[in-house]
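Engineer: this one's structure only:
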């Protein structure tokens, strides 16, 4: 019965994709999220294996693969990979429902998008505050815990073309706000909806654009900026294509974005059953610098290398 239901859901989802062209974008996204959440549950029951998830962009794929390889190497538990689970909402629901055991997340995303908190106080002390509050609240509310940070901070990067930055002498988002009324913006759908996303950014910096922001897949944003289809995007500071495509990251001079330290989110039930998983993941703590993550992303996005090979080489180089 369970597998028949899954097959029906898959067929329905496939048919829906063929007819979505005339449906409102937000409705399409909402439908996709709901169906994807159902489909995550399709599969055999499990006991002594670990299911690793990730969101649907390159850095998450790399971190998910790194978590998977580390668990396989250090615990000898079989690992199932469930990558490309759309965005934050899907991953959060999947781990709450026990469909996955661990996935990589960012402290600022958990703080704002999941816990709905706002950052107040000294930006210099924000990392410790955000990590501590997320860890406490995830354990209390969700029976989830945070592992130690991987070592890098992947905050949102408000990017423009390098040519424009040099020609106009722009270094900060505040300076760019003078020119945005003549510019077109491009953002991912999640950035448009989340509390630490577009609306707050636009209000903080008084940003206005020539037209409504274009909503597109995260993987298409940098190319759209380079090809002049848009003039400003929200990417990630660890994007390996930023220097390759001669893009420029504007400084967040009003400290709008919280810290986004990458961490593994783990089910406490999983750790109770397999405490060796925590020890395996703790070996990754502090091992990935901002520069390392940019290089890893570039190896996959820029050099088109296989992600498993990239992760395997990195772990060997770090002696893990």
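Structural biologist: Nice, I can see it. Quantities reported herein were computed from a predicted structural model and do not represent experimental measurements.

Engineer: C-alpha only now, for contacts and for neighbours.
Structural biologist: Will do.

Engineer: Residue 83 and residue 52: what is the separation?
Structural biologist: 7 Å (C-alpha to C-alpha, to the nearest Å).

Engineer: who's more crowded, these two?
Structural biologist: Each of residue 83 and residue 52 has its neighbours counted (other C-alpha atoms under 10 Å); residue 52 has more, 24 against 20.

Engineer: So for the more buried one, what's the pLDDT?
Structural biologist: If you check residue 52, the pLDDT there is 98.

Engineer: Surely it is within a strand?
Structural biologist: Yes - using DSSP: H, G, I helix; E, B strand; the rest coil, the assignment for residue 52 is a strand.

Engineer: got the contact list for it?
Structural biologist: 64, 67-68, 79-83, 100-103 (C-alpha atoms under 8 Å, 6 or more residues apart in numbering).

Engineer: follow-up on the earlier one: quickly list what's touching both of residue 83 and residue 52.
Structural biologist: Contacts common to residue 83 and residue 52, judged by C-alpha under 8 Å, 6+ apart, are residue 64.

Engineer: Now for residue 209: which residues touch it?
Structural biologist: When contacts are counted by C-alpha under 8 Å, 6+ apart, residue 209 touches 180-185.

Engineer: before we move on, what SS does it have?
Structural biologist: Under three-state DSSP, residue 209 falls in the coil class.

Engineer: What is the neighbour count of the closest residue to it other than its chain neighbours?
Structural biologist: Distance criterion C-alpha to C-alpha, 6 or more residues apart in numbering; nearest residue to residue 209, sequence neighbours excluded, is residue 181 at 4.2 Å. By other C-alpha under 10 Å, the residues close to residue 181 number 13.

Engineer: Surely residue 181 is in contact with residue 210?
Structural biologist: Yes - contact criterion C-alpha atoms under 8 Å: residue 181 and residue 210 qualify, at 5.1 Å.

Engineer: my guess is residue 79 contacts residue 73, does it?
Structural biologist: No - at 10.3 Å, residue 79 does not count as touching residue 73 under the criterion of C-alpha under 8 Å.

Engineer: More neighbours: which of those two?
Structural biologist: Here residue 79 and residue 73 are set side by side on neighbour count (other C-alpha under 10 Å), and the busier one is residue 79, at 17 against 12.

Engineer: what residues are up against the residue lying closest to that one once chain neighbours are set aside?
Structural biologist: What sits nearest to residue 79 in space, not counting adjacent residues and going by C-alpha to C-alpha, 6+ apart, is residue 50, at 4.8 Å. Residues near residue 50 by C-alpha under 8 Å, 6+ apart: 77-80, 100-102.

Engineer: What distance do you get for residue 50 to residue 60?
Structural biologist: Distance, residue 50 to residue 60, by C-alpha to C-alpha: 17 Å.

Engineer: what do you get for residue 291?
Structural biologist: For residue 291, the distance to residue 60 (C-alpha to C-alpha) stands at 16 Å.

Engineer: between these two, who's got more neighbours?
Structural biologist: Comparing residue 291 with residue 60 by neighbour count (other C-alpha under 10 Å), the higher total belongs to residue 60, at 21 against 14.

Engineer: how near is that one to residue 119?
Structural biologist: Computed as C-alpha to C-alpha, the residue 60 to residue 119 distance reads 24 Å.

Engineer: Quick check: buried residues in stretch 160-180?
Structural biologist: Residues of stretch 160-180 classed as buried by neighbour count (16 or more other C-alpha atoms under 10 Å): 160-162, 165, 170-177, 180.

Engineer: Please state the mean pLDDT value computed over that stretch.
Structural biologist: 98.

Engineer: End to end on that stretch, go ahead and measure it.
Structural biologist: Across stretch 160-180, the terminal residues are separated by 11 Å (C-alpha to C-alpha).

Engineer: Compute the distance from the centre of it to the centre of its chain.
Structural biologist: Mean C-alpha position of stretch 160-180 versus that of the full chain (C-alpha atoms, centre = their mean, to the nearest Å) differs by 26 Å.

Engineer: ok, now stretch 90-106?
Structural biologist: Remark: stretch 90-106 is offset 13 Å from the chain centroid, using C-alpha atoms, centre = their mean.

Engineer: and if you look at stretch 255-268?
Structural biologist: For stretch 255-268, the distance to the chain centre is 10 Å (C-alpha atoms, centre = their mean).
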